[in-house]
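Asks: After the sequence you'll find the predicted model.
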Amino acid sequence: DAKTTQPPSMDCAEGRAANLPCNHSTISGNEYVYWYRQIHSQGPQYIIHGLKNNETNEMASLIITEDRKSSTLILPHATLRDTAVYYCIVRGDNNAGNMLTFGGGTRLMVKP
Amino acid sequence: EAGVAQSPRYKIIEKRQSVAFWCNPISGHATLYWYQQILGQGPKLLIQFQNNGVVDDSQLPKDRFSAERLKGVDSTLKIQPAKLEDSAVYLCASSLNALSGIASPYEQYFGPGTRLTVT
């Protein structure tokens, strides 16, 4: 599975959009991009995943560049409860065990 | 639907003692994972079960760690004897059948974790 690079920390004002970048320049054609987040003292929580197309659900939007070498997770209206560590993970569909390899993630601080 | 349950939530032991953690996955989830998360780092997979069989335990320190899922439902992770560097949060996760051969990825659902402190 390809490695990912994320900024260690970011700040965002409450009510504004939070845009979290992820670099995955070695991604291959059959690898998905996943996003999980971990709120303090809780286990990680699935947010969204995508392969090629942009994706949106009730939590967030995922924008994947055309060359698939980077992506951005967008929280459209960040709240204080979105303060967490956000992990970008790349996983191949030949990863039969569905294993996730977590990096250091981005610590997002949403400020009032 | 009930989430992944873990117990205990917190445990403090002295080095060289033994400890066990319990996990009950979401009903119907065939795949169960144990992760270790050291402070300031992302979770690291220790072992993965498919029903009652081990799929991957390549990162499990087998000289001191063991895990079982005898009936294919709940699971126990044991450390014997514990070392100071085992201080971490131990997370259990489950997912639908990850080895079904279907290409769609399955999201993992995590429990709250057990925070272990070894003194």
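Replies: Alright, I've got the coordinates.
Asks: Every contact and neighbour count from this point should use C-alpha atoms.
Replies: Will do.
Asks: B:Glu14: what's it in contact with?
Replies: B:Ala82, B:Val118, B:Thr119 (CA atoms under 8 Å, 6 or more residues apart in numbering or on different chains).
Asks: List only buried entries from the residues you listed.
Replies: B:Ala82, B:Val118 (16 or more other CA atoms under 10 Å in any protein chain shown).
Asks: and which of the contacts of B:Glu14 is nearest A:Met10?
Replies: Distance ranking of these against A:Met10, using CA to CA, places B:Val118 first at 32.3 Å.
Asks: Quick check: bridge partners of that closest one?
Replies: Under DSSP bridges, the beta-bridge partners of B:Val118 are B:Ile13.
Asks: what residue ranges in chain B score low on pLDDT?
Replies: By pLDDT under 70, the low-scoring segments of chain B are B:1, B:97-106.
Asks: State the mean pLDDT of stretch A:60-74.
Replies: With pLDDT averaged residue by residue, stretch A:60-74 scores 96.
Asks: Relative to the whole chain's centre, how far out is it?
Replies: 9 Å (CA atoms, centre = their mean, to the nearest Å).
Asks: and that stretch, anywhere near chain B?
Replies: No - residues of stretch A:60-74 are not located near chain B by CA under 8 Å from any CA of the partner chain, the shortest gap being 15.6 Å.
Asks: ends of that stretch, how far apart?
Replies: End-to-end distance of stretch A:60-74 (CA to CA, to the nearest Å): 6 Å.
Asks: Go through it and flag the buried ones.
Replies: Buried-residue list, stretch A:60-74, by 16+ other CA under 10 Å: A:Ala60, A:Ser61, A:Leu62, A:Ile63, A:Ile64, A:Arg68, A:Ser70, A:Ser71, A:Thr72, A:Leu73, A:Ile74.
Asks: Next: stretch B:38-55.
Replies: B:38, B:42-52, B:54-55.
Asks: low-scoring stretches of chain A, by residue?
Replies: Ranges of chain A meeting pLDDT under 70: A:1-2, A:93-98.
Asks: continuing past the strand or helix carrying A:Asn19, what's the next helix or strand?
Replies: For A:Asn19, the element it lies in under DSSP states H and E is strand A:18-23. Using DSSP H and E, the next helix or strand after strand A:18-23 towards the C-terminus is strand A:31-38.
Asks: Understood, closing this out.
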